[in-house]
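Student: quick one: sequence and predicted model below, then my questions.
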Amino acid sequence: MPSLTATYTPPAPAGPPHTFSVDLPALPPQPSTQERIAYLDKLQSSLKSVQADVNAFLTERMDQDRVAGGSKRDDAKDEETYGEEIVDDQD
């Protein structure tokens, strides 16, 4: 059975990757228009579901990191750049 999968890999040494997965229905070799529409509808709803799961996971991770670090940094900036490498331009 096909599935939609997303993997979040945290920056080192934060821990192992976390995988999010949703099963999709199998599409026949020569699907009818209705079968294609139903498949694309399921794909769209599955994508939204995985996105919501990833967002919830990352929000929880941010909260845990904030508590563990006791940081007083700007929460809005942290949320905007969470999981991305920050490079300071010192030209």
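Tutor: Now that the structure is in, tell me what you want to look at.

Student: ranges for the strands of the protein?
Tutor: 3-8, 18-23 (DSSP state E).

Student: out of those strands, which is the most enclosed?
Tutor: Highest mean neighbour count among those (mean count of other CB atoms under 10 Å): strand 18-23, with a mean of 14. For every residue, glycine as well, the C-beta is placed using N, CA and C.

Student: select the longest helix from this structure.
Tutor: helix 33-69 (DSSP state H).

Student: coming back round to it: and of the strands of the chain, who's closest to Ala52?
Tutor: Nearest to Ala52 among the strands of the chain is strand 18-23; the distance by CB to CB comes to 9.6 Å.

Student: tell me what the closest one is packed against?
Tutor: Contact here means 3 or more CB pairs under 8 Å, 6 or more residues apart in numbering; DSSP states H and E; on that basis strand 18-23 packs against strand 3-8, helix 33-69.

Student: list the contacts of Pro31.
Tutor: Tyr39 (CB atoms under 8 Å, 6 or more residues apart in numbering).

Student: any weak-confidence spans in this protein?
Tutor: 70-79, 83-91 (pLDDT under 70).

Student: can you report how many residues lie near Asn62?
Tutor: Residue 62: Met, not Asn. 15 (other CB atoms under 10 Å).

Student: what number of residues lie near the nearest residue to it once chain neighbours are set aside?
Tutor: Setting aside the residues directly before and after it, Met62 is nearest to Tyr82 in space (CB to CB, 6 or more residues apart in numbering), at 5.5 Å. If you count neighbours by other CB under 10 Å, Tyr82 ends up with 14.
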